[in-house]
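**Q** predicted model and sequence below, questions to follow.
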Amino acid sequence: MQHDVKQSVWDAADACRMIQAFAEGYTLETYQIDWRTRSAIERQFITLGEALNRVDDADSSFRDYLPEMGDVIGMRNRLTHGYDRVSNETIWTAVEKHVPELQSKLTAWLEKNG
């Protein structure tokens, strides 16, 4: 089944927004002890990776715009299939360092192509 690229990019951007909302006010230390927030953030990373996987299936040239797409899809796969081998530190680093930039790129793409 072919997925709609714009809808999948929107889903990915929305997952980024939710990750940031769930993480607001947290530090790595507080994130590690709050299993509900960890679960919510990990769920959104899975959604984010799956949405970008759908974009990749529909239009592999999107990787030219978003070269980190493979890393995001890889994180989704690790969370889904190797959940017991993903550290809180890895997730938190992605939350702080990569998600804001990713959301910015996805939002810019939507504004240009929406």
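**A** All right, it came through fine.
**Q** what's in contact with the lengthiest helix in the chain?
**A** Ordering each helix of the chain by length in residues (DSSP state H) puts helix 35-58 first. The contact list for helix 35-58, computed with Cβ atoms under 8 Å, 6 or more residues apart in numbering, reads 2-5, 8-9, 11-12, 15-16, 18-19, 22-23, 26, 31-32, 62-63, 66, 69, 72-77, 79-80, 83, 86, 88, 91, 94-95, 102. Where C-beta positions appear, they are placed from N, C-alpha and C, glycine not excepted.
**Q** residues of that helix that come out buried?
**A** Within helix 35-58, the residues that qualify as buried are 37-38, 40-42, 44-56, 58, counting by 16 or more other Cβ atoms under 10 Å.
**Q** next secondary structure element downstream of the host helix or strand of residue 74?
**A** Counting by DSSP states H and E, the element that carries residue 74 is helix 69-81. Once the chain leaves helix 69-81, the next helix or strand it forms, by DSSP H and E, is helix 88-93.
**Q** and that following helix, C-alpha only, in CSV?
**A** What follows is helix 88-93, C-alpha atoms only, in CSV (Å, rounded to 0.1, in the frame of the first residue of the first chain):
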residue,chain,number,x,y,z
ASN,A,88,17.7,5.9,28.4
GLU,A,89,20.8,8.1,27.6
THR,A,90,20.5,7.3,23.9
ILE,A,91,16.8,8.3,23.9
TRP,A,92,17.4,11.4,25.9
THR,A,93,20.3,12.6,23.7
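**Q** quick revisit: same question for the helix or strand following the longest helix of the chain, mean pLDDT?
**A** Remark: after helix 35-58, the chain's next helix or strand is helix 62-65, criterion DSSP H and E. Average pLDDT, helix 62-65: 96.
**Q** for helix 62-65, packing partners?
**A** Applying 3 or more Cβ pairs under 8 Å, 6 or more residues apart in numbering; DSSP states H and E, one finds that helix 62-65 contacts helix 35-58, helix 69-81.
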